[in-house]
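Participant: predicted structure and sequence below. I'll ask about it afterward.
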Amino acid sequence: MYKTRSPVLQIVFNRPNETRAVFQAVSIVQPERLYVAADAPRKNKLGEHEKCAETLSIFEEVDWPCQIFFKVNESNLGSHTSIPQAVDWFFDNEEEGIVLEDDCVPSESFFRYCDELLERYRGNQNVMWINGSNVGYKSSEQDPQYLYSAYAIPWGWASWRTAWLVFGPEYRQSFPNIRLASAMQHGLGNSSLTTWLYWKYIFDYAYSVKNWDFRWQLALWANRGLACTPTVNLVSNIGFGIEGMHGGRCNDPRANIPVEEISGVIEGPEDMVVSTKLDYFLNRNLYKINPLSISKAFLASRIPQLRNAVRKFKRLPT
């Protein structure tokens, strides 16, 4: 059994079943410090108070030597605000660590992978994020255990206080006063015009609605950051479906991708350059970039209410 060296933050809300699955994975590696951040129930949601209380009660089951800390919101803030605030709180208290939302179930070796890379890139200003999910990328025999990517995937990750600090008010509150083309050049390089258009409209969209992860992606690119992405999938997102934060169908190909384990020495590429093969895969399979998705991104950036209506429709049972 591997015992993680890193502190862990679990971000939870109203899903006790999913939270328990993540907690069980965390309990195997027995972190010495466990942080739990919970948003408050919404006043107009029948039964949500009970679900939130049941979710928090799971952490009464910690049965290993562990300091456990809680941040429980007094009123509902929504994921756009509550998640970044939870990470702020975590990094106010820790120099580095692992972050898991309530629907991101890691493999055991995810924690060893994060521990080793947190130490390896500590103080390195180029690497700002450690992805746990690779969304089902199929590695080749030539691939090492992880590759460099321009994309920060928020489905189980690790980082450092120094990296997270770049995500200040100038990125969170309104479209930042930066050279967007320069930031996108760092992230997209020689990608197709289709990809450039998609991300241009996605950033417009991210600042027209409440959205934190695309805003963080822009901050990463503007600060010339890279992410490490494993060549086997280490985190499974079990949150798609009716109760999913972002909706989506249960049979979405990005949902419930099996996790694997890394064995042996964890090695990365010799050169610190983005893997165009990996990022091309993520463009097609995570972000699903194509002419239709560009049209949707454009419309969502101009009519945010349309995106919300689509999300509500996707939550309808099939």
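Facilitator: Perfect, I can see it now.
Participant: tell me the contacts of residue 48?
Facilitator: 14, 41, 42 (CB atoms under 8 Å, 6 or more residues apart in numbering). Every residue, glycine included, has its C-beta placed from N, CA and C.
Participant: out of the residues you listed, which end up buried?
Facilitator: 14, 41 (16 or more other CB atoms under 10 Å).
Participant: for stretch 154-165, output the C-alpha coordinates as CSV.
Facilitator: C-alpha atoms of stretch 154-165 as CSV (Å, rounded to 0.1, in the frame of the first residue of the first chain):
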residue,chain,number,x,y,z
PRO,A,154,-9.5,19.9,-13.6
TRP,A,155,-10.5,16.2,-13.1
GLY,A,156,-8.1,15.4,-10.3
TRP,A,157,-4.9,17.4,-10.2
ALA,A,158,-2.0,18.8,-8.2
SER,A,159,-0.2,22.1,-8.1
TRP,A,160,1.8,24.6,-6.0
ARG,A,161,0.8,27.7,-4.2
THR,A,162,3.2,29.7,-6.4
ALA,A,163,1.4,28.5,-9.5
TRP,A,164,-2.1,29.1,-8.2
LEU,A,165,-1.2,32.6,-7.2
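Participant: and it, what's buried?
Facilitator: 154, 155, 156, 157, 158, 159, 160, 161, 163, 164.
Participant: residue furthest from the geometric center of the chain?
Facilitator: residue 46 (28.4 Å; CA atoms, centre = their mean).
Participant: from the contacts of residue 48, pick the one nearest residue 266.
Facilitator: residue 14 (35.3 Å; CB to CB).
Participant: identify the residues contacting the closest residue to the closest one other than its chain neighbours.
Facilitator: Closest residue to residue 14 apart from its sequence neighbours, by CB to CB, 6 or more residues apart in numbering: residue 51 at 4.2 Å. Taking CB under 8 Å, 6+ apart, we find residue 51 in contact with 14, 15, 16, 41.
Participant: same check, this time on residue 105
Facilitator: 18, 21, 22, 25, 235, 236, 238, 259.
Participant: repeat the analysis, applying 6 Å as the threshold.
Facilitator: 21, 22, 25, 236, 238 (CB atoms under 6 Å, 6 or more residues apart in numbering).
Participant: check residue 143 too.
Facilitator: Contacts of residue 143 by CB under 6 Å, 6+ apart are residue 231.
Participant: done for today, thanks.
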